[in-house]
Structure formats: C-alpha cells, structure tokens
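Enquirer: fold the following.
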Amino acid sequence: MARLKAVKQGVVMLVVDFDKQIQPGTFEHALCHVVDHCLDLSGLLGRIRNDASGAPAYDPAVLLKIVLLAYSRGVISSRKMEAACIDNVMFMAVSGESRPDHSTLASFVSKLGDEVAKLFAQVLVLCDRQGLIGREMFAIDGVKLPSNASKARSGTRADFQRQLQRMERQAQHMIDAQRRADAHPQADDALQARKLAQLQRDADELRQWLNDHPHDRLGASGKPVMSNRTDNESAKMATDKGVIQGYTGVAAVDDRNQIVVHAQAFGTGSENALLAPVVDATAALRTPDTVITADAGFHSKAGLEHLHEQGVPAFIADNQYRQRDPNAADQDVHRDKGSPLHDKRPKDITLKRFEAADFHWDESTHTCICPAGKPLYSNGKDCTIKGYAAVKFHGTKRDCGPCPLRAQCLRSPEQATPRQVAFLRGKRPSAAPDVLALMRQRIDSPLGKQMITNRFATVEPVFGNLRHNKRLNRFTLRSQAKVDGQFKLYAIMHNIEKFAGSRYVQ
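Expert: Predicted structure coming up:
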C-alpha cells in the first residue's frame with residue numbers, strides 16, 4: 001500500500017510575512033500604493049479630535065483599504081468585512097492586522113460625505129497620468145438598484161393622510177372594544193393593549209412625518225412624485241424584475257481603458273432627465289472632440305437641446321433606433337422571452353386600439369368619420385403637436401357611450417370620456433433646429449451605428465463587472481449623499497483595478 005505524507009487540518013500556528021502577501025501587479029498592491037502614497041487623506045484625518053484625550057483612532061487609510069478590498073471581493077456587508085479582518089490573511093496584510101468592528105466600518109462609509117468625491121478625483125488624476133484616459137468617447141449608462149428603504153412606505157401626502165385616517169379609525173375601534181370588555185376581563189387583553197399601543201405609535205410617527213413634510217416631493221418635470229417615509233430622497237422605480245425603492249447609479253466611462261470618469265447616484269428612475277447633469281459633470285475632462293454616447297433611456301428633447309447649445313458631439317439612440325435599422329429586421333427572433341420566475345401573472349390579451357389611420361378624414365370638407373360610422377366634430381384646425389401642424393376631432397357621449405367598438409377604440413372604456421383623434425399635417429417651420437431629427441440622422445449613419453456599437457463595448461462590461469463580479473446588487477445606505485458616496489467607492493475600486501492592470505510599477 002502506498003504511503004502518503006500527512007495533511008494538516010484545523011488550527012495551525014504560522015509565521016506570516018505580510019509584505020510577501022502583497023505581490024506587485026495585483027489589485028492589493030495597487031490599492032496599498034495608491035492609498036499610502038498617492039491620495040491626500042488630510043480631510044479625513046482632520047475629522048479626528050483625540051489629540052489631547054481619547055482612545056487612538058483607526059487610520060482612515062486602513063479603513064479605506066479594507067472597504068475597497070472588500071468591494072473588490074464582492075463583500076458589501078460591514079460584518080463580513082469585520083470577519084475578514086480576523087480570518088483572511090490578505091485583509092490582515094492590507095490593514096496591518098487592524099481589526100475594526102463592523103460599526104466603525106459602516107460609520108466610515110456612511111460619513112465620507114464630500115471627501116469621497118475628492119478621492120475619486122485624485123484616482124482619476126493618477127489614471128490620467130498613466131495614460132489610461134483617451135478622451136475620444138465617453139459612454140453613459142445607468143443601473144437601478146434598491147436601497148435601504150421600504151417600498152411599502154411610499155406614497156403621496158394624500159396617500160399618507162388616508163392611511164393615517166384608517167389607523168385612527170382602527171385605533172378608535174380597538175379602544176371601544178376594550179371599554180366594552182372591561183366588565184369581562186380576558187386573557188388576551190394584554191396582547192390587545194400592546195397592539196393598540198403599537199398602532200398609536202405608528203399613527204403618531206406618520207402624523208409627525210406629515211407635519212415635517214407639508215408639501216409633496218417634486219420630480220424632474222416639476223410634477224408631484226411619491227415620497228418615502230424611510231428615505232425620502234429615494235424613488236420608486238420600475239425594473240425588469242419588478243418595482244424597487246432605490247436609486248439610479250449613472251456612470252460615464254472612457255472608451256480607451258474603461259475608466260469611470262464620473263459616477264453619481266440619483267434619486268429618480270427617469271434617466272432622460274440625467275443626461276445634461278452627467279455631461280456637465282465631465283466638462284473638465286472632455287475635449288472639444290470628445291463624443292458622448294448613451295442608450296435610449298437618456299434620449300430626450302431637453303437633453304439633446306442642451307448638448308446642441310453646448311456644442312457637444314453626441315450619439316444618443318432613441319427607442320425606434322433598432323426598428324429603423326435594416327440589419328435588425330429579424331431581431332424578434334432573438335428577443336429574450338423572459339423568465340417565468342420574474343412574472344407569473346397571466347398575460348393580458350387586449351384588442352388592438354384604433355389609430356388615426358382607422359378614421360376617415362376628408363381634408364377638403366374638414367370632416368371625420370370613426371370606424372363605427374359616426375361623425376366626429378372639429379376640436380381645432382390650427383393645433384401644434386410636437387412641432388407638427390395638426391387638426392383634432394372628438395366624438396360625443398351620445399355616440400361613444402353605447403358604441404359596440406368602445407373597448408377597441410378607447411384607452412379606458414370604463415370612463416365616460418369620448419374618443420379624440422388628431423391628424424398631423426406636416427412640420428411647422430421653426431428657427432430652432434430640430435434636434436430630434438438631427439440625432440436620428442446622426443445615429444442612422446454608418447458612423448452612428450459604429451458609435452452605438454462602441455458604446456456597448458465600453459460601458460456594459462463595467463456594469464457587468466460591478467454587478468456580477470463585485471455583487472453590487474443593492475445600496476446599503478439611506479439618503480442621496482450617502483448612496484452617492486457608496487457608488488463612488490465602487491467606481492474608485494474599479495479604476496484602481498484598471499490602474500493595477502496598467503503595470504504602473506514592477
């Protein structure tokens with residue numbers, strides 16, 4: 001029988017040289033080099049006030065290295081970071097065997113504030129000195145992630161007021177029931193009393209929130225949007241896996257080495273209002289020839305007009321870009337059919353709604369007949385719809401009410417509103433350029449199609465790295481400032497990975 005050497009298991013006492021654990025060319029080596037020799041941490045050190053008294057504080061450089069190393073390993077929990085500093089040799093080497101508890105690490109991340117933006121800018125300067133930023137194209141994209149906020153606590157002030165009224169009525173019913181049962185005590189009276197006390201505390205909390213927030217929260221368009229009692233700066237937003245309560249993390253990525261040149265978290269799910277602020281934030285890094293690319297989520301007339309006024313060359317795809325591309329004529333064959341795990345609700349099969357082409361409009365007599373043969377009446381001969389001259393017609397309640405085609409004609413058949421239809425008569429002349437038409441021509445050109453393809457290859461791998469490899473599937477903080485800081489930390493970690501790959505030192 002073969003004799004084999006014994007294999008040791010369990011606890012073993014070893015002598016470890018921390019310096020030999022951090023090898024040149026690795027992320028850990030680049031992290032220590034950048035934090036220890038290249039970053040100005042005086043702002044973080046200035047927050048420590050224990051010169052004359054108090055226990056020694058953890059070095060902010062050590063805490064920063066622990067957090068960034070944990071993010072690079074897909075660890076976002078402060079408790080797991082604390083455990084790694086005790087059990088993982090690499091964390092021991094990077095931190096110099098410091099063992100900060102999870103509260104210290106969580107407090108460090110949440111209280112970075114404006115300092116994280118300064119650190120991000122300093123890392124960008126290092127990457128630029130290394131020649132990693134080409135400034136030929138900045139690709140913009142965003143990701144919607146849940147945060148540490150309760151989706152169930154979202155609503156408008158009117159929703160919260162109705163909820164408060166229900167809670168007050170329920171509390172009054174419980175009080176009346178207790179009064180009736182006073183003559184006949186029961187064993188569950190203590191339980192009912194605790195439930196009543198909790199309900200009254202919740203009502204007082206909601207009443208105080210309404211007093212502290214006398215107005216609805218306004219969105220980017222100026223219209224009221226849902227507030228959130230857990231984190232009022234977060235937003236309820238729709239994703240491909242359902243509705244979440246969180247933030248949109250937007251990043252601008254350089255195409256040479258996929259360096260993130262700007263990262264910011266926004267408390268809105270509407271990306272089309274974010275193009276202008278993100279482009280403006282990259283002004284210091286852009287040259288007059290730097291091209292901006294983004295997907296259809298950032299396409300809006302206001303954003304394109306802003307780029308046109310600033311003279312920024314851009315290629316922003318719209319929702320109909322693929323439909324106009326002859327090379328994508330068979331795209332439905334490759335369309336993702338979706339997973340039954342995401343949405344198990346029965347599919348709603350509805351009839352196709354009548355469009356303007358289904359109505360007979362006689363321009364010479366200015367009359368219009370609906371598909372049911374009923375006349376429609378003029379609602380305006382000289383209207384403007386999205387820059388086009390148009391004429392409008394509308395039906396009457398006496399015709400649309402009993403119409404058998406009502407379900408196929410109206411968007412909301414249960415309502416009494418009659419059908420309206422508009423016919424476009426051509427583009428109105430305007431001194432202002434048609435930025436939407438100009439952008440369609442630009443992205444439909446061979447150069448535009450190439451730039452859209454380059455955008456995919458530039459920014460999508462970055463989000464794939466952050467979400468899949470680094471497991472950034474949610475933000476763990478509350479408030480826009482703290483979430484923005486956490487998103488910037490991930491961007492710093494990503495850029496240091498690229499910096500490590502540039503072989504800055506051997």
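Enquirer: tell me where the stretch 101-250 of the chain has helices.
Expert: Taking DSSP state H, counting those that start in this stretch as the criterion, the stretch 101-250 of the chain carries its helices at 102-110, 115-129, 157-181, 189-212.
Enquirer: what's the answer for the stretch 351-500 of the chain, then?
Expert: Counting by DSSP H, counting those that start in this stretch, one finds helices in the stretch 351-500 of the chain at the ranges 397-400, 406-409, 435-444, 446-464, 480-501.
Enquirer: and the first one, C-alpha only, in PDB?
Expert: By that I understand helix 397-400. C-alpha atoms of helix 397-400 as PDB (Å, rounded to 0.1, in the frame of the first residue of the first chain):
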ATOM      1  CA  LYS A 397     -71.000  60.900 -25.300                       C
ATOM      2  CA  ARG A 398     -74.300  60.000 -27.000                       C
ATOM      3  CA  ASP A 399     -72.300  58.300 -29.800                       C
ATOM      4  CA  CYS A 400     -69.300  56.800 -27.900                       C
END
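Enquirer: now that helix: buried residues?
Expert: 399-400 (16 or more other C-beta atoms under 10 Å). Quick note: C-beta positions are derived from backbone N, CA and C, even for glycine.
Enquirer: need the contact partners of that helix.
Expert: Residues outside helix 397-400 that contact it (C-beta atoms under 8 Å, 6 or more residues apart in numbering) are 370, 372, 374, 406, 409-410, 416, 418-419.
Enquirer: with the second one instead?
Expert: When contacts are defined by C-beta under 8 Å, 6+ apart, helix 406-409 is touched by residues 351-354, 370-372, 400, 403, 413, 419.
Enquirer: try 10 Å this time
Expert: Residues from elsewhere that reach helix 406-409, judged by C-beta atoms under 10 Å, 6 or more residues apart in numbering: 350-354, 358-359, 370-372, 395, 400, 403, 413-414, 418-419, 421.
Enquirer: and it, which residues are buried?
Expert: Using 16+ other C-beta under 10 Å as the test for burial, helix 406-409 gives 408-409.
Enquirer: and that helix, how far from the chain's centre?
Expert: Its chain's C-alpha centre and that of helix 406-409 lie 37 Å apart, by C-alpha atoms, centre = their mean, to the nearest Å.
Enquirer: nearest to Cys32, of the helices of the stretch 101-250 of the chain?
Expert: Closest to Cys32 of the helices of the stretch 101-250 of the chain is helix 115-129 (C-beta to C-beta; 13.7 Å).
Enquirer: can you check what angle separates the closest one from helix 480-501?
Expert: Taking axes from the mean of the first three to the mean of the last three C-alpha atoms, to 10 degrees, one finds helix 115-129 and helix 480-501 inclined to each other by 20 degrees.
Enquirer: helix 115-129 packs against which elements?
Expert: Secondary-structure packing of helix 115-129 (3 or more C-beta pairs under 10 Å, 6 or more residues apart in numbering; DSSP states H and E): helix 27-37, helix 42-45, helix 60-72, strand 242-254, strand 260-266, helix 480-501.
Enquirer: let's see that with 6 Å instead.
Expert: Judged by 3 or more C-beta pairs under 6 Å, 6 or more residues apart in numbering; DSSP states H and E, helix 115-129 is in contact with helix 480-501.
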